[in-house]
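Colleague: 3D model of this:
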Amino acid sequence: MAHTLTRQNIVSDKSDQVSRLMSGCVTTRSPACAGTTVDQVSSSPRSSSVHASGDVRTDRPLPPRLALALVLGLLGAAAVSVAPLIGVGSGPGASGSIVTASIFSALCALTIPAAAIVVTRRHPAMAGALLAGAGALSFGVAILDLQLFVDAIDANRLELFRPISAGAITAGAGSYVALLGHALLVVAGILGLVVVHGESERDGYGSARAAEFDGRSVGGRIGAGATSVLILAAGVYAISLFGPAFDSQDPIFLARTLVDSPAASAVGTALVAVAVLIVTASALTSISPWVGAGGVVGAGVGALGVSGTRVVAGLASDDRIGVGAGSVVGAVAAVVVVGVGAVLPILATRREVAAAEEAEVRPVRSGSQAQTVGTKKARRAAMIEQAREAQAHVTKLHRIAGALGIGAAVLAGLGASLPILSLPGGLAEPSILATRIVFVAAIVLLVASLGLWIPGRGVAIRPAVGTLWTTVVMGIAAVLQPAVIATDVSGVGLGAGVYVMGVASALAAAAGLALWFAGTAEREEIDTSVEIEANSVVRILAGLGGVLALVGTALPLYRGATHTAASITQWPWGSDAWGIDTWGQLLVGVSVLLASVVATRSRPPRAAALLVGSAVSVSVYLAAGPLTSSRIPDATVGAGAIASATGLLLLVVAAFFSARTTLSMHAGRR
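Modeller: Below you'll find the model as predicted:
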């Protein structure tokens, strides 16, 4: 069932480009389309080439790139499946794999290529998305495979082999086969992305059964509830990978957390976590429910292949090796991701059908003069009503995000004021300088969150707040680092302030999620029929500024003769309480980089706000230097401060150019 548009003064032989523009005028209610007459918007069943929202059913030949992607995907999955049979670990210290874990891993690897083949004829874009989602996860797993060649005894890959003694273990032929298989899956995923891009250029892509959902993102189509569940599950899965995969009492088989793992294992696991988050975000911003479903299911099954395999291996092992809490949580989260992904088209269809039925009866309810239904006046009134409802929804989201941000800021400041440690015998609590960072970040977030409550200003302020919540988490992480280390001393425990700041971190993350929802709702009300090319100067400055900001958060702000500030250069990060402060800094750096990239593709007003928020976030990070450097005698400026300061300067200049473009646009309209 597909909606059709009957347009006045537009003949049937007009180009597809004009048709898309007119459709955009209806769905976005853009002022730029004022004067365009739309006679009728029908949601009744019609014969059309578009049979399912967001995808095109076609009898054309199989695209060559999709065929190649399917072949490579099958070959890669087959290689991963047979690798344990060939022999991965070679030497006196290795034995065969745990059979049930190998079977489970093989099933997860083969499921996605098989599913892609099944849906190829009906939904080629979904087939490409399935391979793309699985390929994204396979890249991280391929990095995990490299540990087999570096120090195989620490790989902890029970589905491939099991270490039984401290004897030498070298990579067998199966190691090369497994690595090749995952590499082929990555290539298949890249080709799948190419297929999705090609399908997106065809007529009917992103269509819906109701005009108001035509071209909207998947997140907007399935509703806030399902979107929240999917984002939460993806986030929980990413966090679960930080925990131990196994619970081991075997002196040969060492179960480590992510930050204590060898380099290849740590980087590969981190890439798996990032891939799940990126695929989930990409799927929710896609305009095709079928493509979104394919990407989420592909990534979810790949995630299950990592955590689920560990669960099966732990259950099938002897009593010296058990399942780690991280693997259990990750497997459950992966199942939720797959489940939600599988029903994305159904959820979207239900809401579209309900909206179509409401659109049919709404004009009849609007007044006693039924004959006026379909006239220009009634149509305009309906559009105004929809615009008001949409604006009210956006305002509500702004206030929710603002309330969460205010709560996070207040609790963060309160927690920093309370005792951080519980000490025996009335001992005086040591001064933790990182609480100063929490106060600064809390004040900044509080002011920005209050701005979201200013009537008519939420849209302008919202992009700037998008990165500020991460600075509160960074400050709390910096406080938690020495607190956790101190608990190693007998009789010392965590104080009330730590728990209060933990709640503040959760509220800050919730505020970030609410801001994302608000941004999605705002974009659905923007006329995207005419693309605005980003200023090349802004693109270069913002991109470089974001990269330098990330580099700055990864390097030390200051250093002394024997100690430095937190950075990734102190490997492994887990040498001191899991490197919590390092992860907090990287959270700020990654968020600033993402905001900078988004700014290069945004309209000037949004870009300026994003860049201002990013600059303020980097400033808070830089402020941590003078606020905490006294803990190291004779501290000097570190490479992180130089890189961050340079990035800050570039972000400020980019924001200036974006703001100037915005002022020029307003002057031109006058």
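Colleague: what helix or strand is the residue sitting nearest the centre point of the chain located in?
Modeller: Centroid-nearest residue in the chain: Leu277, 3.5 Å away (criterion: CA atoms, centre = their mean). Counting by DSSP states H and E, the element that carries Leu277 is helix 263-285.
Colleague: that helix packs against which elements?
Modeller: helix 124-150, helix 218-222, helix 224-240, helix 289-316, helix 325-342 (3 or more CB pairs under 8 Å, 6 or more residues apart in numbering; DSSP states H and E). Using the backbone N, CA and C atoms, a C-beta is placed for each residue, glycine as well.
Colleague: quick one: name whatever helix or strand follows the fourth one.
Modeller: Meaning helix 289-316. Helix 289-316 is succeeded, C-terminally, by strand 321-323 (DSSP H and E).
Colleague: just checking: what are the partner strands of that next one?
Modeller: Paired with strand 321-323 in the same sheet, following DSSP bridges, are strand 246-248 (antiparallel).
Colleague: and for the partner strand, what's in contact with it?
Modeller: 156, 253-255, 310, 313-314, 320-325, 327 (CB atoms under 8 Å, 6 or more residues apart in numbering).
Colleague: make a ChimeraX selection of the buried ones in those.
Modeller: Command for ChimeraX, covering only those of the contacts of strand 246-248 found buried under the criterion 16 or more other CB atoms under 10 Å:
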select :156,253,255,310,313,314,321,323,324,327
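Colleague: ok, the contacts of strand 246-248 vs Val618, which is closest?
Modeller: Ala325 (35.3 Å; CB to CB).
Colleague: thought that closest one was touching Gly243?
Modeller: Yes: applying CB atoms under 8 Å, one finds Ala325 in contact with Gly243, separated by 5.5 Å.
Colleague: and the helices in the stretch 51-200 of the chain?
Modeller: 64-86, 99-119, 124-150, 173-200 (DSSP state H, counting those that start in this stretch).
Colleague: deepest-packed of these, please.
Modeller: Using mean count of other CB atoms under 10 Å, the stretch among the helices of the stretch 51-200 of the chain with the largest mean neighbour count is helix 124-150, at a mean of 27.
Colleague: could you measure from Asp250 over to Gly322?
Modeller: Separation of Asp250 from Gly322 (CB to CB, to the nearest Å): 10 Å.
Colleague: ok, Gly198 next?
Modeller: For Gly198 relative to Gly322 (CB to CB), the value is 47 Å.
Colleague: cool, and Ala542?
Modeller: Distance from Ala542 to Gly322, by CB to CB: 48 Å.
Colleague: in TSV, list the helices of the stretch 51-200 of the chain along with distance to Gly339 and mean pLDDT.
Modeller: Below are the helices of the stretch 51-200 of the chain laid out as TSV (distance: least, CB to CB, whole Å; pLDDT from 0 to 100):
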stretch	distance to Gly339	mean pLDDT
helix 64-86	22	93
helix 99-119	14	93
helix 124-150	15	92
helix 173-200	22	92
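Colleague: redo those helices as JSON lines? Include distance to Ala566.
Modeller: JSON lines is the format used below for those (distance: least, CB to CB, whole Å):
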{"stretch": "helix 64-86", "distance to Ala566": "37"}
{"stretch": "helix 99-119", "distance to Ala566": "36"}
{"stretch": "helix 124-150", "distance to Ala566": "24"}
{"stretch": "helix 173-200", "distance to Ala566": "32"}
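Colleague: could I get the pLDDT score of the closest residue to Leu315 other than its chain neighbours?
Modeller: Spatial nearest neighbour of Leu315, chain neighbours left out: Val323 (6.1 Å); criterion: CB to CB, 6 or more residues apart in numbering. Listed pLDDT for Val323 reads 87.
Colleague: got a list of what Val323 touches?
Modeller: Val323 sits next to 246-247, 310-311, 314-315 when contact means CB under 8 Å, 6+ apart.
Colleague: what does Ile252 give?
Modeller: 93, 153, 163-166.
Colleague: wait, Ser317 touches Ser97, no?
Modeller: No: counting by CB under 8 Å, Ser317 does not reach Ser97; the two are 11.1 Å apart.
Colleague: of those two, which one has the most company?
Modeller: Ranked by neighbour count (other CB atoms under 10 Å), Ser317 and Ser97 place Ser97 first, with 24 against 20.
Colleague: phi first, then psi, for that one.
Modeller: phi -80, psi 170 (degrees, to the nearest 10).
Colleague: and stretch 460-471, how far from the chain's centre?
Modeller: On the basis of CA atoms, centre = their mean, to the nearest Å, stretch 460-471 sits 16 Å off its chain's mean C-alpha point.
Colleague: list of residues touching that stretch?
Modeller: 398, 401, 405, 408, 441, 444-445, 448-449, 451-452, 454, 508-509, 511-512, 515-516, 518-519, 522, 587-588, 591-592, 595, 602, 605-606, 609-610, 612-614, 616-617, 620-621.
Colleague: let's go with 6 Å and repeat that
Modeller: With contact meaning CB atoms under 6 Å, 6 or more residues apart in numbering, stretch 460-471 is reached by 441, 444-445, 448, 451-452, 508, 511-512, 515, 518, 587-588, 591-592, 595, 606, 609-610, 612-614, 617, 620.
Colleague: can you check stretch 176-187 too?
Modeller: Counting by CB under 6 Å, 6+ apart, 72, 75-76, 79-80, 83, 86, 135, 138-139, 141-142, 145 sit against stretch 176-187.
Colleague: where does the prediction get shaky in the protein?
Modeller: Counting by pLDDT under 70, the low-confidence segments of the chain come to 1-60, 206-215, 259-260, 356-390, 426, 523-535, 569-578, 662-670.
Colleague: rerun that using 50 as the cut-off
Modeller: For the chain, the stretches flagged by pLDDT under 50 are 1-54, 56, 364-373, 529-530, 573-577.
Colleague: can you list the domain ranges for it.
Modeller: 64-351, 387-526, 530-670 (automatic domain parsing).
Colleague: quick one: the helices in the stretch 401-550 of the chain, in order.
Modeller: Going by DSSP H, counting those that start in this stretch, the stretch 401-550 of the chain shows helices at 435-451, 458-465, 468-486, 496-523, 536-554.
Colleague: tabulate these in a markdown table, adding columns for mean neighbour count and distance to Leu184.
Modeller: Shown next, in a markdown table, are the helices of the stretch 401-550 of the chain (neighbours: other CB atoms under 10 Å; distance: least, CB to CB, whole Å):
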| stretch | mean neighbour count | distance to Leu184 |
| --- | --- | --- |
| helix 435-451 | 22 | 45 |
| helix 458-465 | 22 | 40 |
| helix 468-486 | 25 | 37 |
| helix 496-523 | 21 | 34 |
| helix 536-554 | 22 | 31 |
